[in-house]
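Chemist: one predicted model, sequence on top.
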Amino acid sequence: MRSGADLVVSPANLAPLALSNNLVVMHDAAALRGPGWYSAGYARWQARVLPLIARRAKAIVAPSEFSRDEIAELTGVPLERITVIAGGVDSRFSPRADSAQAMSRLGLERPYVLTVASRVGRKNLSVLDFAARSLAADGVDVVVAGGDRPQFRSDALGEGAVRHIGYVDDALLPGLYAGASAFVLPSLHEGFGLTAVEAMASGVPTVLSQAGALPQTAMEGAIYFDPLDRSQMLSQLRSAIGNRPLAKAGIERASGFTWERCADAVDQLVGELLASK
């Protein structure tokens, strides 16, 4: 492959190995940390290719300090070649989003705790069954939005307890968030946690696993639990439902994640790389 460009920006983990003038955005190193979360073929491919891309890149952007440190550890790239630039959240995610339309279109008639996540192993969705059975007695459903992805190994959801609504049209997603009584993400690994930021921006009390980058991303805008402790998760969910101070803290935290800020930081990094060539 030939390129006359001084710098090639690759925004989604992969980059042409034939070039060494890449600025690569690597969202995480989950496939290297937990290959069992993925199909065998995909895990082998990532284990072979991702370190090569990382080591050959001129610079790497990671969305969190957690991801920066993990990428450096698992690929051998020096920390100084990895710049942390967090992503942003779309302004459509707001407490003012049309929750009534989303709930009507999706057939949601009762209060609900929401999870937005693909049905994959590292999302740890099977623990939601315990919370769903307990919250059902309070008239609260646990709703999971998100589809299956073939490169990942699926995570089973409890029969009948968790309401899995699958892929949700992008136009309805802000309203789905805004209508939730609480948001929960029980992941075993997250490189950033965009859905957590979307939930906080939507004014939803947010409950997160302590895993990965989630505590760095949400900080005081959420409350946390051990992803292997389902009783602790349930307790935190009960304390979050209707918790307006927590919702307010989440809105404040999410306000710092804008795509304009992200773009400015990337633009500055690109300028520095071009100046140093």
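Modeler: In hand now; what should we look at?

Chemist: could I get the phi/psi values of Arg256?
Modeler: If you look again at residue 256, you'll see it is Gly, not Arg. phi -80, psi -10 (degrees, to the nearest 10).

Chemist: do you know the pLDDT at it?
Modeler: Turning to Gly256, the model gives it a pLDDT of 97.

Chemist: what of Phe152?
Modeler: 48.

Chemist: roughly how far apart are Pro186 and Leu237?
Modeler: For Pro186, the distance to Leu237 (C-beta to C-beta, to the nearest Å) stands at 10 Å. Just so you know, the C-beta spots here come from the backbone N, C-alpha and C atoms, and that holds for glycine as well.

Chemist: actually, Val142.
Modeler: According to C-beta to C-beta, Val142 stands 9 Å off from Leu237.

Chemist: same check, this time on Tyr224
Modeler: From Tyr224 to Leu237 the distance is 12 Å (C-beta to C-beta).

Chemist: those two: who's more crowded?
Modeler: More crowded of Tyr224 and Leu237, by other C-beta atoms under 10 Å: Leu237, with 24 against 17.

Chemist: so the more buried one touches Ala182, yeah?
Modeler: Yes - contact criterion C-beta atoms under 8 Å: Leu237 and Ala182 qualify, at 5.8 Å.

Chemist: what is in contact with those two at once?
Modeler: Common contacts of Leu237 and Ala182, defined by C-beta atoms under 8 Å, 6 or more residues apart in numbering, comprise 113, 207.

Chemist: show me the shaky parts of the stretch 51-200 of the chain.
Modeler: 149-160 (pLDDT under 70).

Chemist: which residues in it form helices?
Modeler: 65-75, 99-106, 128-136, 173-178, 194-201 (DSSP state H, counting those that start in this stretch).

Chemist: so what sits against both of Tyr224 and Leu237?
Modeler: When contacts are counted by C-beta under 8 Å, 6+ apart, the set common to Tyr224 and Leu237 consists of Val207.

Chemist: what about the strands in this structure?
Modeler: Using DSSP state E, the strands of the chain run over 8-10, 22-25, 59-62, 82-84, 112-116, 141-145, 162-166, 182-185, 206-209, 223-225.

Chemist: nearest residue to the middle of the chain?
Modeler: Nearest to the geometric centre of the chain sits Gly193, at 2.8 Å (C-alpha atoms, centre = their mean).

Chemist: touching, that one and Ala213? I think so.
Modeler: Yes - at 6.0 Å, Gly193 counts as touching Ala213 under the criterion of C-beta under 8 Å.

Chemist: before we move on, the earlier item: tell me, what's touching Val142 and Leu237 both at once?
Modeler: 113, 131, 135, 184.

Chemist: which of these sit farthest apart?
Modeler: Maximum pairwise distance among those (C-beta to C-beta): 10.4 Å, between Leu135 and Val184.

Chemist: between the two, which is the more surrounded one?
Modeler: Shown here are Leu135 and Val184; by other C-beta under 10 Å, Val184 has more neighbours (30 against 23).

Chemist: does Leu214 touch Glu190 like I think?
Modeler: Yes - the pair Leu214 and Glu190 passes the contact test of C-beta under 8 Å, sitting 5.2 Å apart.

Chemist: give me the common contacts of those two.
Modeler: Contacts common to Leu214 and Glu190, judged by C-beta under 8 Å, 6+ apart, are Ala196.

Chemist: re the thing from before, Provide a list of residues in contact with the residue nearest to the centre of the chain.
Modeler: Gly193 touches 185, 187, 208, 212-214, 217-218, counting by C-beta under 8 Å, 6+ apart.

Chemist: compare the residues you listed and tell me which is most surrounded.
Modeler: Busiest of those [other C-beta under 10 Å] is Leu208, holding 29 neighbours.

Chemist: quick check: domain ranges of the chain?
Modeler: Listed domain ranges for the chain are 6-86+257-274, 97-253 (source: the TED database).

Chemist: quick check: Gly139 vs Arg163, distance?
Modeler: Distance from Gly139 to Arg163, by C-beta to C-beta: 13 Å.
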